[in-house]
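Asker: Any chance you could fold what I've pasted below:
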Amino acid sequence: MSSITTDTTRPDGTSCPSNSSCDAKHCVCKDTSPPPPPSRWSCAKCTCENSGYASICTVCYTRKPVPENKWSCAKCTCENSGYASICTVCYTRKPVPEDKWSCDTCTFENSNTVFSCKLCDTVKSA
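Answerer: Numbering: from 1, shown residues only. Predicted coordinates for the structure are as follows:
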């Protein structure tokens, strides 16, 4: 039975990072360090360099650019996964592109050329 030890020397003589513990039998280090902070970002409007944690520019209040696979909530500015149909913080619905409509039942984004949802067959609301 293997156990996690505080011995940071592996069988091959190399050392684990000081903030890790090592499973000596399998020689696997488990890094317990916190994740690195998000990288800083530069405002497109005023060029101020902002903290990676800031969702708006600290000088001109312009929103932080959102990566393509994410969307920013208009109500609370939370960055949400591109797969989320509602904001994970305030539950506001994801904005729908002008050429689409969001189904009231399942939130699937349908083309404006169809009158019922392609996923659940709900009729498009007025």
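Asker: which residue ranges form the strands in this structure?
Answerer: Assigned by DSSP state E, the chain shows strands spanning 4-5, 20-23, 28-31, 41-42, 49-50, 70-72, 79-81, 100-102, 109-111.
Asker: weakest of those strands by average pLDDT?
Answerer: For those, mean pLDDT drops lowest on strand 4-5, to a mean of 44.
Asker: who touches residue 106 in this structure?
Answerer: Residues near residue 106 by CB atoms under 8 Å, 6 or more residues apart in numbering: 117, 119-120, 122. C-beta here means a position set from N, CA and C on the backbone, and glycine is covered the same way.
Asker: What's the PyMOL syntax to select whichever of the residues you listed are buried?
Answerer: To isolate the buried members of the contacts of residue 106 in PyMOL, using 16 or more other CB atoms under 10 Å:
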select buried, resi 117
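Asker: how about the contacts of residue 106, which pair is most distant?
Answerer: Maximum pairwise distance among those (CB to CB): 8.5 Å, between 119 and 122.
Asker: Overlap of the contact sets of those two?
Answerer: Contacts common to residue 119 and residue 122, judged by CB under 8 Å, 6+ apart, are 103, 106.
Asker: what about residue 102, how many neighbours?
Answerer: For residue 102, the count of nearby residues is 19 (other CB atoms under 10 Å).
Asker: Residues in a beta bridge with it, which ones?
Answerer: Assessed by DSSP bridges, residue 102 has beta-bridge partners residue 109.
Asker: Tell me, what's the model's pLDDT at residue 55?
Answerer: Looking at residue 55, its pLDDT stands at 86.
Asker: how about it, what does it touch?
Answerer: Per CB under 8 Å, 6+ apart, neighbours of residue 55: 63-64, 72, 77-79.
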